[in-house]
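**Q** Would you be able to build a 3D model of this:
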Amino acid sequence: MGFQFVHFEGFSRQGGKSGRTTDFVFSEAARRPDACPHVGEPQPPETVFGVGIEEVQARHDERAAAARDLMSNGRSRAIRKTQQTLATIIASHPFTVEEVRNDRAKAAAVATWEKRTVAWLRAEYDDQLVGVVRHVDERFCHLHAYVLPGNPMMKVSDLHPGHIAKAAVVDAGPRAGEDAKALNRRGDQAYREAMRSWQDSYHQHVGVPCGLARLGPGKRRLKRAEWHDEKRQADALRSTLSMAAELRAKGDAFTSKVKAETAKLRADAARKVDAAKAVEKQAREREEMARRATVQAELATSAARRLSGLGGAFRGFWDGIRRSKLAARLREELLPTVERWQQAEAAARAAAAAESDRRVAAEKRASVLSGSVAEIGAQRDELRARLARYEPAAVVAPVPARPQP
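**A** Numbers count the residues shown, from 1 in each chain. As a prediction, this is how the structure comes out:
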């Protein structure tokens, strides 16, 4: 297995010492004919993450045109075209494109490397990482990542690990007895250390898991045998890490299984406890209901004993009414009804007395009338007797008798 390669570089719209502007960088990445003479058979880039090259360029140009530089007098102006506004990161893999096409194992290794590289970039730059593409028209497998600075002026220097470290040293000022050159040298040293730390981070998170060496043999002037030994060590380390990851995955799976079973047992136990508590609660409620029923029965029995007999019942009732405001209200509401009942009873009694008087008077009138009828009958008989003495019986017409009443 070969060594890793990762490189950070910033570009401006006007171009720096190399003369490569942001437009040229985008054109080369998009494989426009006038920008990639070094490629024999140019092919369009393949998007691995985020948006494609055209969209990356559109976002960059729009934001760079709108970015403002706040001056010391409080005014703002458009940023300079010489300011770096685009950060690019190139990550390379030692496998060739041809090897990946013809070897499934190497293709799988490169796919893993790509995933780890993108994950590392996202962890480093978050949403400032807008696109990652791969090129398959060059010899070695590699990725191009494009980062747009999130600060208002789109300063790449705020993202560059080396520039950040050097600026911190320079801004802190010279030490005692240190001149400007010495301060600059110390800043350059901080720059190199920061970039080494940045590359070490990539090696730790991507290179080591993928079995890649930190540096190549030329950089350290290693002999061929020493370089092959290091490659074997890198492969062994990758295998060890792979086995460790597999064991960790198995351990995590076993742990998850045990946790799931434990959670299930706890849930079952909790349900049983809840059921037992519910039964106990129902028993307590029933016991309380029975106790209340007993108390109510005792109170009812006691009240029945106190109110035994009609007189005792009325005394208890009216005594209770006198002691209660509610009874007073009840007495007030019932009083009109009682009075109506009393008035109706008096009227009924008066009517009955009047009827009795009328009946007695009628009886008296009937008695008098009967006496009168009898007297009239006697007078009639006496008259008949007198007529009979003075007149013949044939001449005298019979007097019809009056009906009895």
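**Q** contacts, neighbours, all on C-alpha from now
**A** Fine.
**Q** Tell me who's in contact with V136.
**A** V136 makes contact with Q43, P45, V97, according to Cα atoms under 8 Å, 6 or more residues apart in numbering.
**Q** By mean pLDDT, flag the weakest helix or strand of this protein.
**A** One helix or strand of the chain scores below all others by mean pLDDT, DSSP states H and E: helix 217-220, with a mean of 45.
**Q** In helices, which of the contacts of V136 fall?
**A** V97 (DSSP state H).
**Q** with the contacts of V136 in mind, which one is nearest to R32?
**A** Looking at those and their distance to R32, the nearest is Q43, at 9.4 Å (Cα to Cα).
**Q** Number of residues surrounding the closest one?
**A** Residues contacting Q43 under the criterion other Cα atoms under 10 Å number 14.
**Q** Surely it and A29 touch.
**A** No: in this structure Q43 lies outside contact range of A29 using Cα atoms under 8 Å: 10.0 Å.
**Q** returning to that earlier point: among the contacts of V136, which one lies nearest to A297?
**A** If you rank the contacts of V136 by distance to A297 using Cα to Cα, P45 comes first, at 93.3 Å.
**Q** So for the closest one, what's the pLDDT?
**A** At P45, the model reports a pLDDT of 96.
**Q** What separation is there between the nearest residue to it once chain neighbours are set aside and S92?
**A** Closest residue to P45 apart from its sequence neighbours, by Cα to Cα, 6 or more residues apart in numbering: H135 at 5.2 Å. In this view, H135 and S92 are 11 Å apart by Cα to Cα, to the nearest Å.
**Q** so what's in contact with the two at the same time?
**A** Common contacts of H135 and S92 (Cα under 8 Å, 6+ apart): C141, H142, L143.
**Q** pLDDT weak spots in the stretch 201-350 of the chain?
**A** 214-248, 251, 303-331, 333-334, 338, 345 (pLDDT under 70).
**Q** Recalculate using a threshold of 50.
**A** Scanning the stretch 201-350 of the chain for pLDDT under 50 picks out 217-223, 226-233, 236-240, 243.
**Q** Strands along that one, start to end?
**A** Counting by DSSP state E, counting those that start in this stretch, the stretch 201-350 of the chain forms no strands at all.
**Q** for it, what spans make up the helices?
**A** 217-220, 224-306, 310-323, 325-390 (DSSP state H, counting those that start in this stretch).
**Q** returning to that earlier point: residues contacting the residue nearest to P45?
**A** Contacts of H135 by Cα under 8 Å, 6+ apart are Q43, P44, P45, E46, C141, H142, L143.
**Q** Any of the residues you listed buried? List them.
**A** P45, C141, H142, L143 (16 or more other Cα atoms under 10 Å).
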